[in-house]
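Undergrad: need coordinates for the following:
(chains A and B)
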There are 2 protein chains.
Amino acid sequence: MALIVKKFGGSSVASTEKIMNVAKRVLADKKPEDKIVVVVSAMGDTTDDLISLAEGIDEHPYKAMYSREMDMLLTTGEQVSIALLAMAFQKLGQPAISMTGAMIGMRASSVHTKGRILGVEPKRVHEELNKGNIVVVAGFQGIDKFGDPVTLGRGGSDTSAVAIAGALKADTCEIFTDVDGIYTADPRIVKNSHKMKEITYYEMLEMARLGAGVMQPRSVEMGKFYNIPIHVRSTFTNTNGTIIREDYTMEDRPFEIRGVTHDEKVAKIAVLGVPNQPGIAHTIFSALAGANIDVDMIVQSIRNIEKNITDMVFTIASSDLPEAKKVIDEVVVKLNAVSAVFEEDVAKVSIVGAGMLGSPGIAARMFGALAKANVNIDIISTSEISVSCLIKGSQIKDAVNAIHEEFFPN
Amino acid sequence: MALIVKKFGGSSVASTEKIMNVAKRVLADKKPEDKIVVVVSAMGDTTDDLISLAEGIDEHPYKAMYSREMDMLLTTGEQVSIALLAMAFQKLGQPAISMTGAMIGMRASSVHTKGRILGVEPKRVHEELNKGNIVVVAGFQGIDKFGDPVTLGRGGSDTSAVAIAGALKADTCEIFTDVDGIYTADPRIVKNSHKMKEITYYEMLEMARLGAGVMQPRSVEMGKFYNIPIHVRSTFTNTNGTIIREDYTMEDRPFEIRGVTHDEKVAKIAVLGVPNQPGIAHTIFSALAGANIDVDMIVQSIRNIEKNITDMVFTIASSDLPEAKKVIDEVVVKLNAVSAVFEEDVAKVSIVGAGMLGSPGIAARMFGALAKANVNIDIISTSEISVSCLIKGSQIKDAVNAIHEEFFPN
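TA: Numbers count the residues shown, from 1 in each chain, chains lettered A, B, ... in the order given. Down below sits the predicted model:
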């Protein structure tokens, strides 16, 4: 007997035909004694359609004043999917019951449109599983202390699924998606990248942070918290995907590095000629934090010892650039700096792997691979299990391929 | 200060533009100190669209096995309306909050797709009203003892509104609809019918039962139970409609009768040549009850004393005729009756009014009016406050006009 939580995203349930296919797929994989919980998102474009409706009331429905009502509106999307999927199971002769976020006791913080999961009270889910039902649960939604619906923000359905798996002490949580696992590099860019059998939570978190788009960091954190293996696999094929877990099994020891990731949605900002005195960094980065802008790589360099001025260079998400420009232009005036330069043609390439701890030569090999490919490095930053380089955006494909070839030679 | 519950149906909220209009209408009528609860149905065709989706899973989604999931599906319709209407109020500067059936504690029996209201726990509604919010509530839905959503069946949003008004001890419950009140006869048939200022619950129930389509009997019963005045009025005009209440005020004493109603969705069944022995009626009508078919007018007549056989004639809703034919054909064999005759070209015309109690001449005047109009009477039935005649369906307009002219001469 296994208790398995399976999550299917919006594109997997985009039509009633696809919903029937999900039901058939789940039943084909189910052993008679298995207990199954299926977590689903809203059908295909439903969420966009609901947002369009809201725009009929106010063209800016994401104003904070509307956030509770937007959650009330958007949570209907998953409620439609779960009802239809439960009917699909019933039509195929499999007892099934749908449950909303409120009904499974998915408690969330009262921050509408981006709630955080506080806990799950799965008593009734257990009861329904024990009756022989497949339980179909609405992802992406919880209930706050007032009893109001709250949506969980980006990647919320994955996070729901992992949290439910954790609360149920499930054997595994399967995330069905449009790729068939986690690769050593983006397969669209690196032809001979290969699928990993396993990866640790820690490495997956670092890869997600550094640009691997398959999993949202929050769902991986949730898996780590509950120590639930997360199996990322394809909706369309039956092959095994990649299992995210605490540690490797013996037969799948990692390479020196785990993978190469890249992020093109990066912008570089240089504040030039800042008087070099205490509090400079605080002034710049607290101004950005005040505008809710995350800063990633930071380099401070001595530019001119005689004049005692310095340059402060850092990166942000390119989507934050318009807002950051306003903030930094004010900062330049306030700090009496010389100027600020904003650059969008940049990208970040990174290597990730727990194996590099205690292997000092790894970073050097990465830099060497980039040099051989004629890629200039602008900024370097490191963590315990990763090394990242900021480079010219137009060279990103060459860079990723050169590094992958160095560490995963075919 | 008045506490008013207002209910708007699906056609009043069929688009975001109409939803904005409802919000403006409510605010235009609101005195600053008024507390307002607005109950809404699903937008226009939403319910039909959701049913179409369900038909993508199974072409017969109303099978009993799907009823819980259909309720899960259909309750999303009102949830969309309440979110949008609350946003519309907020856009107009009026604090508002939406609440589902579950959130207002609308407890219902666990009979999916046709739940009955068991009670309302309006604690949070009071709290939100006291904070200055307009509370926007999803009609047509409640929650059962398991915490599952239940829809309330036909006219359910009206019933929700009246039940909420009752639980809140509201001053009045306004039902906004596409007609502007209750008329002495259907204005589409009788040109000089006139709108009533007031009508009692008891008379309204009898008129609804006898064919007046404006209000569903259950919502009137609910009003009577809580003794909440129900104001039936137009969405499109500002004039007063008709108030349904316990008794008349002094200035609006009724005529001898209150109104003329008619019902064309009637079928007549005659079981002919039944052996006249005890248990005959029981056999016929328990067979129909077993098939969930309501019987209305019943006449048993001695046909042939020598052969000791009788005829049993009765009426049912014409929508039940196909099912009734099957049942009655079996009954004819079982009872060794001569034959059964089914007739659809029949209609029922009725007069209703508490004033006819103790006025024996009223029924006679009705029959006289019909005779003058050359309308033959097939069956007569009476209650304390009504008299009904079954006639030929093709003569219904003449009949209604003749009777209306008799009691409300212009």
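
Undergrad: quick one: the strands in the stretch 1-150 of chain A?
TA: In order along the chain, the stretch 1-150 of chain A carries the following strands (DSSP state E, counting those that start in this stretch): A:3-8, A:35-40, A:96-99, A:106-108, A:117-120, A:134-138, A:141-143, A:149-151.

Undergrad: now tabulate those in a markdown table and tack on distance to residue B:35 and mean pLDDT.
TA: Heads up, the C-betas are built off the backbone N, CA and C, glycines and all. Formatted as a markdown table, the strands of the stretch 1-150 of chain A follow (distance: least, CB to CB, whole Å; pLDDT from 0 to 100):
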| stretch | distance to residue B:35 | mean pLDDT |
| --- | --- | --- |
| strand A:3-8 | 43 | 97 |
| strand A:35-40 | 39 | 98 |
| strand A:96-99 | 34 | 98 |
| strand A:106-108 | 30 | 96 |
| strand A:117-120 | 33 | 93 |
| strand A:134-138 | 33 | 98 |
| strand A:141-143 | 26 | 96 |
| strand A:149-151 | 24 | 96 |
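
Undergrad: tell me which of those sits nearest to residue B:210.
TA: Across the strands of the stretch 1-150 of chain A, residue B:210 has its closest neighbour in strand A:96-99 (40.6 Å, CB to CB).

Undergrad: circling back: for the strands of the stretch 1-150 of chain A, which one sits closest to chain B?
TA: In terms of CB to the nearest CB, the element of the strands of the stretch 1-150 of chain A nearest to chain B is strand A:96-99, at 5.1 Å.

Undergrad: quick one on the thing from earlier: so which of the strands of the stretch 1-150 of chain A is nearest residue B:12?
TA: strand A:149-151 (24.6 Å).

Undergrad: what does the closest one contact?
TA: Strand A:149-151 is contacted from outside by A:70-72, A:74-75, A:101-102, A:108-115, A:140-144, using CB atoms under 8 Å, 6 or more residues apart in numbering or on different chains.

Undergrad: any idea how far residue A:288 is from residue A:281?
TA: 11 Å (CB to CB, to the nearest Å).

Undergrad: more crowded one of these two?
TA: Neighbour totals were compared for residue A:281 and residue A:288, and residue A:288 leads with 20 against 14 (other CB atoms under 10 Å in any protein chain shown).

Undergrad: so the more buried one touches residue A:327, yeah?
TA: Yes: between residue A:288 and residue A:327 there is a contact at 5.8 Å, judged by CB atoms under 8 Å.

Undergrad: what sits against residue A:331?
TA: Contacts of residue A:331 (CB under 8 Å, 6+ apart): A:271, A:283, A:284, A:287, A:337, A:340.

Undergrad: the residue in the stretch 201-350 of chain A positioned nearest to chain B: neighbour count?
TA: Closest contact between the stretch 201-350 of chain A and chain B, by CB to the nearest CB, is at residue A:235 (18.6 Å). When neighbours are defined as other CB under 10 Å, residue A:235 has 19 of them.

Undergrad: and the helices in the stretch 301-410 of chain A?
TA: Here the stretch 301-410 of chain A has its helices, by DSSP state H, counting those that start in this stretch, at A:321-335, A:361-372, A:396-407.

Undergrad: pull the number of nearby residues for the residue lying closest to residue A:160 once chain neighbours are set aside.
TA: Closest residue to residue A:160 apart from its sequence neighbours, by CB to CB, 6 or more residues apart in numbering or on different chains: residue A:139 at 4.2 Å. Residue A:139 has 29 neighbouring residues, counting by other CB under 10 Å.

Undergrad: thought residue A:139 was touching residue A:155?
TA: No: with contacts counted by CB under 8 Å, residue A:139 stays clear of residue A:155, the gap being 9.9 Å.

Undergrad: which parts of the stretch 51-200 of chain A sit against chain B?
TA: A:53-54, A:56-58, A:61, A:65-66, A:68-70, A:72-73, A:75-76, A:79-80, A:82-84, A:86-88, A:90-91, A:97-98, A:100, A:102-103, A:124, A:147-148 (CB under 8 Å from any CB of the partner chain).

Undergrad: any weak-confidence spans in chain A?
TA: A:249-255, A:302, A:358 (pLDDT under 70).

Undergrad: contacting residues for residue A:395?
TA: Counting by CB under 8 Å, 6+ apart, residue A:395 has contacts A:347, A:373, A:374, A:375.
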